[in-house]
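Asks: Sequence first, then the predicted structure:
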Amino acid sequence: MYPCLSIGLYIHIPFCASKCPYCDFHSFPGREYLMAAYVEALTSELDLRLRRSPDAQADTLFWGGGTPTLLPDSSIHSLGLFLQDCFPAGWKEFTVEANPGTVTPRKLEILLEIGVTRLSLGVQSFLDRSLNSLGRIHTRADSLNAFRAARASGFTRISLDLIYGLPDQSLSLWEDDLREAVSLQPEHISAYCLTLEPGTPFYGRWKRGELRLPDEEASVAMYEKTLETLERVRYRQYEISNFALAGEECKHNLRYWRGGPYWGIGAGAHSYFGGARSWNKKKLESYLSDLREGRLPVGGREWLPKEKRLGEAIMLGLRTLSGVDLQDLFRSNEVTPDGRYDTLIERFRAQGLLLYDPPNLRLTQKGFLVSDTIFCEFL
């Protein structure tokens, strides 16, 4: 008998009540009439994958979106029971993303019934003015009520998502958001800088000079204030934008950053498995049609040569505070240690952006501020 292959499992729920003007995630508002068919398709896709790879055992599970908690209670329950049947050994971690405006006591009860161990609340800000500008459907009161209801229902692992660098946001307003988040004592906090993605309404408004955002200096000050504030109350930074109390890091996301295998189930979801990266068709109708006809809805596949796998592994690993073991990565990707990165490492080390204590390589705090530039050099 072959040993089980441990993988991460990501389930994409692309439905949203409305499309936020900064969002370029694969999500659709106003398509609720497709929810029942979509959940059925998810189970069909997973069944097909398990038939092809029966030795795969998911030990981390993550429902993202979109807004997973926009699904009807009955759909959440049936999908959760199906997953329990597929993986009776259970999970080390089962995370569900939730919009505070869609959280109800009954929904929380169902999430616990199907084995969810971790709730990620998309708070973004505790200031109603900021939430309105971001196009969020919830309010500050909704976030506070959702958090308290989750605690009361029995959730012992809750993460809060926050965004800084918002339109007309000052450092003091960001400090208010941080203080409010910390006062709730979540186990995990994610703090992301707002990025302008081409094709989004925010990007168009910015190009036309209609959107006032904090400049680079102000955004750096907000990032540094995040480090200072969260470290003071024992939230350890373990990835560029992620902070956790001891032992409360997101195990599923750590799998991504460590280059582990995972399946992405759902429209537009990505997978990395068997040395290949693949992605599902994005169009909902095409995704549903393929599965009704018994086909995996693969939109594309890319086989990664060893050198590219190595570069991506370094890039992903450098996102974490602990960095990477270069010697181990060369060995695991079957690439001969030939000094190909020596000049690059020395340049960034001399600039104070990298720390290199062979075989460990990691970014400095200064390096985190320009991480995208550094990552590109390793690819």
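Replies: Here it is on my side, so go on.
Asks: now the host helix or strand of residue 308: how far from the chain's centre is it?
Replies: Taking DSSP states H and E as the definition, residue 308 sits inside helix 306-317. On the basis of CA atoms, centre = their mean, to the nearest Å, helix 306-317 is displaced by 19 Å from the centre of the chain it belongs to.
Asks: From the contact counts, what lies against the helix or strand of the chain with the lowest mean pLDDT?
Replies: For the chain, counting by mean pLDDT, DSSP states H and E, strand 28-29 ranks last in confidence among helices and strands (a mean of 89). When contacts are defined as 3 or more CB pairs under 8 Å, 6 or more residues apart in numbering; DSSP states H and E, strand 28-29 packs onto strand 15-16. Just so you know, the C-beta spots here come from the backbone N, C-alpha and C atoms, and that holds for glycine as well.
Asks: Sheet partners, orientation included, of the strand it packs on?
Replies: Each strand pairing with strand 15-16, determined using DSSP bridges, is listed with its direction: strand 28-29 (parallel).
Asks: Flag every buried residue along the following helix or strand past the strand it pairs with.
Replies: Following the chain from strand 28-29 toward its C-terminal end, the next helix or strand by DSSP H and E is helix 35-52. When burial is assessed from 16 or more other CB atoms under 10 Å, helix 35-52 yields the following buried residues: 38, 39, 40, 41, 42, 43, 44, 45, 46, 48, 49, 50.
Asks: Specify which member of the residues you listed is nearest to residue 293.
Replies: Of all the buried residues of helix 35-52, the one with the least separation from residue 293 (CB to CB) is residue 44, at 10.0 Å.
Asks: How about that closest one: what's its closest non-neighbour residue?
Replies: Nearest residue to residue 44, sequence neighbours excluded (CB to CB, 6 or more residues apart in numbering): residue 291, at 4.4 Å.
Asks: That neighbour: helix or strand, and which one exactly?
Replies: Residue 291 is part of helix 284-292, with elements assigned from DSSP H and E.
Asks: for that helix, packing partners?
Replies: In terms of contacts (3+ CB pairs under 8 Å, 6+ apart), helix 284-292 is packed against helix 35-52.
Asks: tell me the mean pLDDT over the helix it packs on?
Replies: pLDDT averaged over helix 35-52 equals 97, rounded to a whole number.
Asks: Give me the residues contacting that helix.
Replies: Residues external to helix 35-52 that are found in contact with it (CB atoms under 8 Å, 6 or more residues apart in numbering): 11, 13-15, 56, 71-72, 75, 78-79, 82-83, 86, 263, 265-267, 280, 284, 287-288, 291-292, 294, 296-297.
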